[in-house]
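> A structural model of the following input is requested.
(3 chains)
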Amino acid sequence: MEAVTVEELSKDFGGVHALRDVSFTVEVGERLVIIGPNGAGKTTLFNLLNGQQSASAGRIYFYGQEVTRMAIHRRAHLGMARSFQIANLFPNLTVLYNALLALQGTQPFRFQMFRSITAYKSMFARARELLGIVALWEKRDDLVQNIAHGEQEKLELALSLASEPKLLLLDEPTSGLTAAEGAEIIDIIHDLGTDITVLIIAHDMDLAFGVAERIIVLHYGQIIAEGTPEEIQANSRVKEIYMGIEEGKEIAGAN
Amino acid sequence: MDVFVLNMLNGVSFGFILFLLASGFSLIFGVMGILNLSHGALYMVGAYVGWTIAVKYGLNFLFAALMGGLAAGLISLAMERGFFSHLYKQLNEQVLLTFGFIYILTNISMWVWGPIFKAPFTAPFLSGSFNFMDWSYPKARVATILIGLILAIGLWWLQDKTRVGAIVRAGMDDKEMTMALGVNLGLVSTALFFVGSFIAGFAGVIGANLLGVNLGLGMDVLLLALAVVIIGGVGSIQGALLGSMVIGIIDAFGKALFPELAMFTIYLVMIIILLVRPSGLLGRRV
Amino acid sequence: MKTASPKSIRQLWQGQLVPFVPYIAITVIFIILPPLLPSYLQSIMAKILIFSIFAMSLDLLMGYTGLISLGHAAYFGMGGYTIGILMTRYGINSFWIGAPCGILMATLVAAVFGIIALRVSGIYFLLVTFALGQLLFSVAVKWYSVSGGEFGLGGILRPALGIPWFSWNATSFYYFVFLAFAICFFLLYRLVKSPFGHALQGIREGEVRMRVLGYNVWLYKYVTFIVAGAFAGTAGVFFAYHNGIMVPSHLGVITSGLVMLMVILGGLGTLYGPIIGVAVIIIMEFYAGIFAPERWPLILGVTFVVAIMCARAGIGVYLSVFWKRASLIWKQ
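Down below sits the predicted model:
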């Protein structure tokens, strides 16, 4: 069964082609990593997949159903979830309530206007589980704006897992994290079940090659290479593109 | 005189008053992101100051208009330096602040000039009408159209053809980038704020023969400026001009055809635009 | 465990008692005290409660959901005008007809205005709500036959409850208003603590994230807009009975601005904050009426400016933080 099928997907911004004729499929349970230089269109692709932006052309299918023009929140109910590269949390709410809102989002009682939220004990139990995965239960009463950056990124990941999604779109889940924290994230991703399909945008090569079953390389909005990690590592065109990036990384790393 | 032409001229002259008022409002909003709700009150203060000079002391009308503008400009500078600069990037707070200023300016005006409305006035040499064959039209309105036209052309030229204009437009698109390029956007913004407010005060005197001089002007004129911005779109001279003309003409024909419902036609058009094209006819984005 | 000594028992009492002092004070002030006060003070307290309902409804919209509306008086005024029209044009005095009609009319207007206003967001939303409120104001000014034009609708009496031996005085009217306030407060309290209420806060903090999490954000905003309008209309109904007269400015930006100031002053995002803001403004208005009635708008404007510049979190929030700290100190 194909979890996601993308056909000739394009996105223009008044003359700038962010994505051009992108086509690929993702099998259920697959770990697909998308890499490419800055501005290659990776985040735009995610935005089109989850509905935050609308495609200029092309189609997107989710478990066989066309979702190209579907509203963001409806895609969540179909089973899509997404994490943001820069943590997109609720700053003036506590860690616990951030988790509760994420858990509630696909529940029917999210429209409940009279019963107190504390009556939903099972949701609180799930929040405990969820925050436990990222070791944030002890900080549950802290305001999100007061917790450390790394903790915010971990919470970001936790929120995307809350709805028990079928498709998880992770946008650079290890960005801004220390090596140790990054390894934690990779472990969490490894522990996800095979009924979840995971798409990851990665700049971190440890993440990319540590998790991927298949890699797609985007460059200037087009797919220029697709294959197993070994195939991609051997691909000369990819190496060409990344040579410049590696050099830049070394210079940055030296600072 | 042909009724249609008469209404058109009435609409256009009123439209130019609105344009003077709304262009400052729109640009300040577009560039600084500040919605100065007291913009209408600045118009009002300009009108009162102009009245004091032109009517009470009988001095030159143009001088009165410039003084009206200056008063409004200086008040706006005080507001910007004293208050807005401390609320950098907190747009909602800035807006609510300007709302408070409406009360303050209106009540102080009442304190200074008293609660009774002042009669509409204009320059002595502009009273009466031009008579040309069987055409007759008030001189003051013709002057309004001329002044409005000159200012519209001037502002458009400033916006599209000068370096300052380019800086302003760049600042609207991307503040950080413009500042990164070494432009002192703060200074440009303050200058723009002053100029926009000056024009509002100036317009208060020019428009005094059309809109009168009273304490309700603060709100009434704000609403009209709002309508212009919603209909014409924010951030451009063209948008302000289009919105002003649409409102001016609708108002003129509305008053002629359905006198009781004139104001409502403006509201109606506003609602239609909002439902159909929320960013305004020539607007940039919502 | 320490053996209980007289000193520590006293400390224990204080630690347990002190946090309750605000609640005790409120109970005393609002429930026990009024019959003992002169009737003009009871009237002021009733006005405070009425405006508190109004202010809490705006806080639901502004503080919890983040929708800043400058036209909220439209629904308040609709509630009041409905009462006025029923009474002066149709002779219908019954509370049991008037109140539901008033609330219903306010809700309907909110339902219509909400669709228009929610087409835009942020500052545009502010402008549009402003314009819509003024639209209603203009209608009231022009439509003399229905609304009494500029002069409004006067002679609105206390409502008929249908209880034969009953007649109104300041005290009975006060408790009548208090009952309405208590019910509204209870309903709003439940709403704010519910999953829906928490979702509103999420929307305020991050709309996009909420959509991604599965919330139909527009629907939440729309429902909240209507609910806020309904409560504002409720306040308007009681205001009509209290004030005896409805004028067009009760629909327009003057009243919208006033209630917004009350909410900001008292503290956004809490239910008790607006109540404090209301009390402060109404008490100030009372004294201004005695000493400097002409300058009241100026005082109001200055208060607005000061509130925004200095007490951004709101007096109510400051008081509660202050009280919590005081409780902690007492406990030791």
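> which non-adjacent residue is nearest B:Phe101?
B:Ser38 (3.9 Å; Cβ to Cβ, 6 or more residues apart in numbering or on different chains). C-beta here means a position set from N, CA and C on the backbone, and glycine is covered the same way.
> from chain A, how far off is the one you found?
B:Ser38 sits 30 Å away from chain A, going by Cβ to the nearest Cβ, to the nearest Å.
> and what of C:Ile50?
C:Ile50 sits 24 Å away from chain A, going by Cβ to the nearest Cβ.
> contacting residues for that residue?
For C:Ile50, the contacting residues are C:177, C:181, C:235, C:238-239, C:242, by Cβ atoms under 8 Å, 6 or more residues apart in numbering or on different chains.
> okay, now the unreliable bits of the chain?
With no chain named, the answer covers chain A. Within chain A, the stretches with pLDDT under 70 are A:243-255.
> chain B, not that one
B:1, B:87-92, B:125-126, B:133-134, B:164-165, B:167-180, B:182-185, B:235, B:262, B:283-286.
> ok, 50 please
Residue ranges of chain B with pLDDT under 50: B:286.
> regarding it, what is its longest helix?
As assigned by DSSP state H, the longest helix anywhere in chain B is helix B:3-32.
> which helix or which strand is home to A:Phe124?
Element membership for A:Phe124 (DSSP states H and E) is helix A:121-133.
> list the buried residues in that helix.
Buried residues in helix A:121-133, counted by 16 or more other Cβ atoms under 10 Å in any protein chain shown: A:123-124, A:126-127, A:130-131, A:133.
> mind putting those into a markdown table with distance to C:Ile123?
Shown next, in a markdown table, are the buried residues of helix A:121-133 (distance: Cβ to Cβ, whole Å):
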| residue | distance to C:Ile123 |
| --- | --- |
| A:Met123 | 36 |
| A:Phe124 | 38 |
| A:Arg126 | 38 |
| A:Ala127 | 35 |
| A:Leu130 | 36 |
| A:Leu131 | 36 |
| A:Ile133 | 40 |
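> any idea which of these is closest to chain C?
A:Met123 (8.7 Å; Cβ to the nearest Cβ).
> chain center to the following helix or strand past the helix holding A:Phe124, what's the gap?
Next helix or strand after helix A:121-133 toward the C-terminus (DSSP H and E): helix A:149-161. Helix A:149-161 sits 11 Å away from the centroid of its parent chain (Cα atoms, centre = their mean, to the nearest Å).
> for stretch A:99-109, which outside residues touch it?
Here stretch A:99-109 makes contact (Cβ under 8 Å, 6+ apart) with A:76-77, A:90, A:93, A:110, A:115, A:117, A:120, A:123-124, A:126-127, A:130-131, A:140, A:155, A:158-160, A:162-163, C:195, C:198-199, C:202, C:210, C:213-215.
> now these: which count as buried?
In the contacts of stretch A:99-109, the ones that pass as buried (16+ other Cβ under 10 Å) are A:76, A:90, A:93, A:110, A:117, A:120, A:123-124, A:126-127, A:130-131, A:140, A:155, A:158-160, A:162-163, C:195, C:198-199, C:202, C:210, C:213-215.
> phi, psi of A:Ala208?
Taking degrees, to the nearest 10, you get phi -60, psi -50 for the backbone angles of A:Ala208.
> neighbours around C:Tyr287, how many?
As a burial measure, C:Tyr287 scores 11 neighbours (other Cβ atoms under 10 Å in any protein chain shown).
> is any residue of the host helix or strand of it near chain B?
Assigned by DSSP H and E, C:Tyr287 belongs to helix C:272-291. No - if you take Cβ under 8 Å from any Cβ of the partner chain as the test, helix C:272-291 misses chain B, and the best it gets is 11.5 Å.
> check stretch C:198-215 too.
No - between stretch C:198-215 and chain B, judged by Cβ under 8 Å from any Cβ, nothing touches; the nearest distance is 11.6 Å.
> check contacts around the residue in the stretch 151-300 of chain C that chain B sits nearest to.
Taking Cβ to the nearest Cβ as the measure, the stretch 151-300 of chain C has C:Leu298 as its residue closest to chain B, at 3.8 Å. Going by Cβ under 8 Å, 6+ apart, C:Leu298 touches B:103-104, B:107-108, B:111.
> and the pLDDT at it?
pLDDT for C:Leu298: 92.
> do the same with the one 5 residues further on
The model reports C:Thr303 with a pLDDT of 88.
> relative to helix C:272-291, how tilted is the host helix or strand of it?
Using DSSP H and E, C:Thr303 sits within helix C:296-309. Comparing the axes of helix C:296-309 and helix C:272-291 via axes from the mean of the first three to the mean of the last three Cα atoms, to 10 degrees yields an angle of 150 degrees.
> quick check: buried residues in helix C:296-309?
C:296-305, C:307-308.
> out of those, the closest to A:Gln85 would be?
Of all these, C:Ile308 has the smallest distance to A:Gln85: 34.4 Å, by Cβ to Cβ.
> next, work out how far apart the closest residue to chain B within chain A and chain C are.
Nearest residue of chain A to chain B, counting by Cβ to the nearest Cβ: A:Gly14, 12.0 Å away. Distance from A:Gly14 to chain C, counting by Cβ to the nearest Cβ: 22 Å.
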